[in-house]
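Engineer: what follows is a predicted protein model with its sequence.
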Amino acid sequence: MSVVRTRGPVPVVLLAGFLGAGKTTVLNHLLRSGSGLRIGVVVNDFGAVSIDALLVSGAVDGAVTLGNGCICCTTDADSLETVMGELVKPAAGLDVVVIEASGLAEPAALVRMVTAAHTDRILYGGLIYLVDAEQFDDTRARHPQIGHHIALADLVLVNKTDRVSADRAASVHETIRGCNASAAVLSTTHGVLDPAMLIDLPDTVADDGPRQLELSDLLAEEHAEHDHADADHAHLHDGYQSVDFATAAPLHPRALAALLERPPVGVYRVKGVVFFDAPGHRGRYVVHGVGGHINVTVSRWAADEQPTTQLTVIGAGVDVDEVRAALEATVAGDRSTDRQSMLAITRYQQQGRRAS
Ligand SMILES: Nc1nc2c(ncn2[C@@H]2O[C@H](COP(=O)(O)OP(=O)(O)OP(=O)(O)O)[C@@H](O)[C@H]2O)c(=O)[nH]1
C-alpha cells in the first residue's frame, strides 16, 4: 500500500506500552511494510545499553538512540528536542517520526515533551499504546497507573491476540474502553499495523479540536495527581532494575536456556543479541524472554558487525549481583558447544514457546 507524503510539520508519534508488549515488533513491521512512508525512529531503553537499537530493522531512514534510562526521567527534554529537531528538518525528508518509549516510561511525560517542543516543524502525532493481551490483567493489577497511560492514548493496540481466546481479547477491549472511551482499539498479532495509521491517528492531528482540549485536561490531571505522589502515580520504573551484559566470548546454549527458563527472582524481561560458537549455529541469535515466554530468531551478522553478545535483563526487586553472576555463568568458557546442545535454544525458534 502506498502512503501520501505529508507536507509541513512532521507528525511525531509516541509508541508506548509495558515491557515486552511488542513495541519493537510494531516498529519493525512498519519499517518493513514497504508503504513508501519515510519513518524516522527514536528508540529508548530502560537499560543503559539500547538493545532496541540492535533489534530495529536496518531499513531505517533516520534512527537515533536515546540511552541511559527512560526518556521520561533520565534523558533530559533538551536532548529529545534536539533529536526531534534534526529528524523533522526538511532535508531529512521524513514523513513521520516514531519515538519508541522504554517499556517502563511514563507516557504523560513524553507527551508533554513532544507537545512542548518549540518548533513549528513538529506536530504531536498522538500516542499509540500497546498492551500484551495475555499479560494485561496481571500487569495492570501490579501497575494500576497503566489505566492512566491508556487514558492518554489515541490508538490502543491489543497485541498478541494469538495467545488468547476471542473472549479474553473482548474482555481486554472492554477494560480498555473503561479507561479510554474515545481511543480507537484494535487487536493485533505480531504488531501488524497499517502504516497509514501513523499519519492518520484518530482525533489527533487537529490543532484545536476537542481531543486536544481533552488531552491537556488529562495531562494537567495526571500532573496534579503525580504531585500527590500516591501509590498509583509512582513512576512505572520505580522498583525496577536492569542489568546489561556484553561479551565477545561465545555463550553456552544450555547455560543461556537455563537462565531464560529459570531466571533469578523478580526478572520479567530478558532481551538481546547472542553469539554461540556451535557448528552450523554461528548466526546472530535474537532472544526474548517476556513473563515466562521465550522466543528466539536467527539471522546473519551484518558484514561490518562483530559477533558479540549483548543482553539486558529487567525486573522488579531483583538482586543485581545475582543477575550479573547468572549472566556471567552463560559464557561457554571451556565447555564445548555442539549441535546437540544448541537444541536447548533452537527449540524456542517456534514462536513464543513457553518455558518448560
Ligand atoms: N506470540 C506473539 N508474540 C509476539 C507478538 N508481538 C510480539 N511478540 C513477541 O514478544 C516479544 C517482545 O516483543 P518486542 O517487540 O521486543 O516488545 P517491546 O515492547 O519492544 O519490548 P521492550 O522494549 O523490552 O519493552 C518478542 O519475542 C516478540 O517476537 C504477538 O502478537 N504474538
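Structural biologist: Thanks, I have it.
Engineer: write down the beta-bridge partners of residue 185, one by one.
Structural biologist: For residue 185, the beta-bridge partners under DSSP bridges are residue 156.
Engineer: what sits closest to residue 110 if chain neighbours are left out?
Structural biologist: Leaving aside its sequence neighbours, residue 110 sits nearest to residue 14 (CB to CB, 6 or more residues apart in numbering; 5.3 Å). Yep, even glycine has a C-beta here, placed from its N, CA and C like the rest.
Engineer: the one you found against residue 108, yeah?
Structural biologist: No. The criterion here is CB atoms under 8 Å, and residue 14 misses it with residue 108 at 10.4 Å.
Engineer: flag every residue of the stretch 151-300 of the chain that's near the ligand.
Structural biologist: Contact residues, the stretch 151-300 of the chain versus the ligand (CB under 6 Å from any ligand atom): 159-160, 162-163, 189-191, 269, 271, 288, 290, 295.
Engineer: who's in contact with the helix or strand encompassing residue 314?
Structural biologist: Assigned by DSSP states H and E, residue 314 falls within strand 309-316. With contacts defined as CB atoms under 8 Å, 6 or more residues apart in numbering, strand 309-316 is touched by 19, 45-47, 49, 51, 54, 103-104, 239-251, 263-275, 287, 323, 327.
Engineer: list only buried entries from the residues you listed.
Structural biologist: Neighbour-count burial (16 or more other CB atoms under 10 Å) applied to these gives 19, 45-47, 49, 51, 54, 103-104, 240-245, 247, 250-251, 263-264, 266-275, 287, 323, 327.
Engineer: burial check on the closest residue to residue 329 other than its chain neighbours, number of neighbours?
Structural biologist: Nearest residue to residue 329, sequence neighbours excluded (CB to CB, 6+ apart): residue 255, at 5.9 Å. Using other CB atoms under 10 Å, residue 255 is surrounded by 20 other residues.
Engineer: residue ranges of the strands in this structure, please?
Structural biologist: For the chain, the strands defined by DSSP state E occupy 10-17, 39-44, 62-66, 96-100, 122-132, 155-159, 184-187, 240-247, 267-274, 284-290, 293-299, 309-316, 353-354.
Engineer: pLDDT weak spots in the stretch 1-150 of the chain?
Structural biologist: Applying pLDDT under 70 to the stretch 1-150 of the chain flags residues 1-7, 48-49, 57-63, 65-77.
Engineer: again, only this time at 50
Structural biologist: Applying pLDDT under 50 to the stretch 1-150 of the chain flags residues 1-4, 6.
Engineer: ok, now which ones touch the residue in the chain positioned nearest to the ligand?
Structural biologist: Nearest to the ligand, among the residues of the chain, is residue 103, at 2.6 Å (CB to the nearest ligand atom). Residue 103 makes contact with 17-21, 23, 46, 269, 314, according to CB under 8 Å, 6+ apart.
Engineer: mind running it again at 6 Å?
Structural biologist: Neighbour list for residue 103: 18-19 [criterion: CB atoms under 6 Å, 6 or more residues apart in numbering].
Engineer: what's the distance between it and residue 15?
Structural biologist: 11 Å (CB to CB, to the nearest Å).
Engineer: the strand holding residue 314 near the ligand at all?
Structural biologist: No. Contact between strand 309-316 and the ligand is absent, the nearest approach being 7.0 Å (criterion: CB under 6 Å from any ligand atom).
Engineer: who does that strand pair up with?
Structural biologist: Sheet partners assigned to strand 309-316 using DSSP bridges are listed as strand 240-247 (antiparallel), strand 267-274 (antiparallel).
Engineer: quick one: the last one to strand 293-299, angle?
Structural biologist: What it means is strand 267-274. 10 degrees (axes from the mean of the first three to the mean of the last three CA atoms, to 10 degrees).
Engineer: from now on call the first residue 890
Structural biologist: In the new numbering, first residue 890, that becomes strand 1156-1163.
Engineer: so what's the gap between strand 1156-1163 and the chain middle?
Structural biologist: Taking CA atoms, centre = their mean, to the nearest Å, the mean C-alpha location of strand 1156-1163 is offset from the chain mean by 12 Å.
Engineer: contact partners of that strand?
Structural biologist: The contact list for strand 1156-1163 (CB under 6 Å, 6+ apart) reads 908-909, 940, 943, 1140, 1174-1180, 1198-1204, 1207.
Engineer: pull out the buried residues from the residues you listed.
Structural biologist: Counted by 16+ other CB under 10 Å, the contacts of strand 1156-1163 give 908-909, 940, 943, 1140, 1174-1179, 1198-1204, 1207 as buried.
Engineer: quick one: the helices in the stretch 890-1039 of the chain, in order.
Structural biologist: 912-921, 940-944, 966-976, 996-1004, 1025-1031, 1035-1040 (DSSP state H, counting those that start in this stretch).
Engineer: of all the ones you listed, which one comes closest to residue 1060?
Structural biologist: The closest of the helices of the stretch 890-1039 of the chain to residue 1060 is helix 1025-1031. By CB to CB, the value is 8.4 Å.
Engineer: mind listing what's buried along the closest one?
Structural biologist: Counting neighbours by 16+ other CB under 10 Å, one finds that the buried residues in helix 1025-1031 are 1025, 1028-1029.
Engineer: ditto for stretch 1065-1072
Structural biologist: Neighbour counts over stretch 1065-1072 (16+ other CB under 10 Å) mark 1065, 1068-1069, 1072 as buried.
Engineer: how about stretch 1009-1023?
Structural biologist: Going by neighbour count (16+ other CB under 10 Å), the buried part of stretch 1009-1023 is 1010-1023.
Engineer: just send these back as TSV, with distance to the ligand too.
Structural biologist: Converted to TSV, the buried residues of stretch 1009-1023 look like this (distance: CB to the nearest ligand atom, whole Å):
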residue	distance to the ligand
1010	27
1011	24
1012	24
1013	21
1014	19
1015	18
1016	14
1017	12
1018	11
1019	6
1020	10
1021	8
1022	8
1023	8
